Structures are given as C-alpha cells and as structure tokens.
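1. Structure of the sequence below:
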Amino acid sequence: MNPMTRPMSAPKVELEADKCVASGQCVVAAMQVFDQDDDGIAILLQERPAPALLDDVREAVAVCPAAAIRLVER
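-> So this is what the prediction gives:
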C-alpha cells in the first residue's frame, strides 16, 4: 500500500504511571479516558479514545503537573 494513501491510525494516549503525582487533573479533564487507583495514581481507561474525546485528552496532557501523559498523533 502506498504510504501516502494509508489511513492514519487513531491517536494513542500514553501514560507513565510511575511519574504520576496523583493530582487527579487528568480525571477532571477527561473522565472517560482516565481514572485513579486507590492511591490516586492515574489509570488509562482508553488507549485510543474516540475523536470526540481528543480535546479532553489534550487538556489532560496540558494540565498534568508531572507531564506523565502524552498524546501520540501519527
């Protein structure tokens, strides 16, 4: 398949839980994509969220005080 015509894959959320400081800002910004465990550490619920949720994920990336979240858009 020609790389120019290959469909783009959906953006992928990456969470480095070991960096998480349990602030919960990701859950506030994107509660359908993130949750927290009993210690407050972020949990990724959806690795490839629907397009309608991507603005919320971008907000979560922006407000994460530990820079533990990335949205990879290839």
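2. What are the boundaries of the strands in this structure?
-> For the chain, the strands defined by DSSP state E cover 12-15, 34-36, 42-44, 69-72.
3. Need these in CSV (columns: mean neighbour count).
-> Quick note: C-beta positions are derived from backbone N, CA and C, even for glycine. Listed next are these as CSV, based on neighbours: other C-beta atoms under 10 Å:
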stretch, mean neighbour count
strand 12-15, 17
strand 34-36, 18
strand 42-44, 19
strand 69-72, 16
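4. May I have the beta-bridge partners of the most centrally placed residue in the chain?
-> Residue closest to the mean C-alpha point of the chain, counted by C-alpha atoms, centre = their mean, is V13 at 3.8 Å. When bridges are called by DSSP bridges, V13 pairs up with L71.
5. Now do it, the pLDDT please.
-> At V13, the pLDDT value in this model is 98.
6. do the same with the one 4 residues further on
-> A17 is assigned a pLDDT of 96 by the prediction.
7. same deal with the one 10 residues further on?
-> At V27, the pLDDT value in this model is 98.
8. What is the burial count for it?
-> By other C-beta atoms under 10 Å, 18 other residues sit near V27.
9. next one: the one 10 residues further on
-> With neighbours defined by other C-beta under 10 Å, the count for D37 comes to 11.
10. That one contacts V27, doesn't it?
-> No - assessed by C-beta atoms under 8 Å, D37 is found out of contact with V27, at 11.1 Å.
11. Ramachandran angles for D37?
-> Backbone torsions of D37, given as degrees, to the nearest 10, read phi -80, psi -170.
12. How much space separates it from E16?
-> 15 Å (C-beta to C-beta, to the nearest Å).
13. P65 now?
-> Distance, P65 to E16, by C-beta to C-beta: 13 Å.
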